[in-house]
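# can't give you the sequence, but here's the structure:
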DNA sequence: ATGCCGAATAGGATTCGA
């Protein structure tokens, strides 16, 4: 089972660039972030024509997540539990019925949190506390599940070309990194680091100042696997080349393959 | 580098992103 995550930075803006990657990647399950679309306006046909079930959780203008699957889905839920007043569309879950076993899949778009300090950073940290609570609840079931998407967290200095430029940013502040580690340390495996070590691996390059041409990137899109899911991991890769194409997102896809 | 670019909403200039 191949599961990909991709922050597309707007489905309308990616209408032309997305189909090529869809056909090349041939993922069974795709988690999208920043669809920037209400559910009714999402171009389902692009995906349905390729055999995907489409489950969106959108809102007007910003944010928005989706799950696309060629495998059957069960128990789709929308919204991160823990705050009924939170109207930002950043979380969707579904159980994917694999050929060998089911896998619970959570797609997330974690708040950016800048500027710091301030209400946006407070929201980020509060959202991460809710994420931790949801993660604990799912871990207790002791079944294969994963949480993947745009975490807006640079886990370590080696995950940025210029760590000094991010030192006081919400993506890399010690408090942000500690909140991320509290979740990982519950027992998750960070899939990319389970297979690849060392610097120079990024999933985001800013549109500005020629960041892509200077390879001035950061690694902020992650897969966290439950222990039972980590046992199934066979590969994890970043589709870096996508960033060099016409009208790219500022993020690139990351994917795992599972023996499931 | 202090938003340098890009997208959405709106229908021009502002907000947001990382």
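Thanks, I have it. Everything numeric in this text was worked out from a predicted model, so none of it was measured.
# For chain A, which residue occupies the most central location?
residue A:149 (0.7 Å; C-alpha atoms, centre = their mean).
# Spatially, what comes nearest to that one if we skip its sequence neighbours?
Closest residue in space to residue A:149, ignoring its immediate chain neighbours: residue A:108 at 3.9 Å, by C-beta to C-beta, 6 or more residues apart in numbering. All C-beta spots, glycine's among them, are computed from the backbone N, C-alpha and C.
# Show me the contact partners of stretch A:176-195.
A:113, A:124-125, A:128-129, A:131-132, A:135-136, A:139, A:146-147, A:151, A:153-156, A:170, A:201, A:219, A:222-227, A:229-230, A:233, A:235-236, A:238, A:254, A:256 (C-beta atoms under 8 Å, 6 or more residues apart in numbering).
# filter those down to the ones near DNA strand B?
residue A:170 (C-beta under 7 Å from any atom of the strand).
# Quick check on the contacts of stretch A:176-195: which are buried?
Among those, those scoring as buried are A:113, A:124-125, A:128, A:131-132, A:135, A:139, A:146-147, A:151, A:153-155, A:170, A:201, A:219, A:222-226, A:229-230, A:233, A:236, A:238, A:254, A:256 (criterion: 16 or more other C-beta atoms under 10 Å).
# Identify those among those that sit within helices.
A:124-125, A:128, A:131-132, A:135, A:139, A:229-230 (DSSP state H).
# Using TSV, lay out these together with pLDDT and distance to residue A:90.
Conversion of those to TSV gives the following (pLDDT from 0 to 100; distance: C-beta to C-beta, whole Å):
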residue	pLDDT	distance to residue A:90
A:124	95	11
A:125	95	14
A:128	97	11
A:131	97	10
A:132	97	15
A:135	98	15
A:139	98	20
A:229	98	21
A:230	98	24
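# of all these, which comes closest to DNA strand B?
residue A:124 (9.5 Å; C-beta to the nearest atom of the strand).
# Excluding residues flanking it in the chain, which one is nearest that closest one?
The shortest distance from residue A:124 to any residue that is not its chain neighbour, by C-beta to C-beta, 6+ apart, is 3.3 Å, and that residue is residue A:113.
# Spit out the contact partners of that neighbour.
In this structure, residue A:113 makes contact with A:120-121, A:123-125, A:152, A:170-171, A:176, judged by C-beta under 8 Å, 6+ apart.
# partners of the helix or strand hosting the residue nearest to residue A:149, with directions?
Using DSSP states H and E, residue A:108 falls within strand A:102-109. Each strand that strand A:102-109 pairs with, and the sense of that pairing, follows from DSSP bridges: strand A:91-97 (antiparallel), strand A:145-150 (parallel).
# buried stuff in whichever helix or strand comes after the shortest one?
To tie it back to what came earlier, the one meant is strand A:145-150. On the C-terminal side of strand A:145-150, the nearest following helix or strand under DSSP H and E is helix A:163-166. When burial is assessed from 16+ other C-beta under 10 Å, helix A:163-166 yields the following buried residues: residue A:166.
# can you give me the offset of helix A:163-166 from its chain's centre?
Its chain's C-alpha centre and that of helix A:163-166 lie 22 Å apart, by C-alpha atoms, centre = their mean, to the nearest Å.
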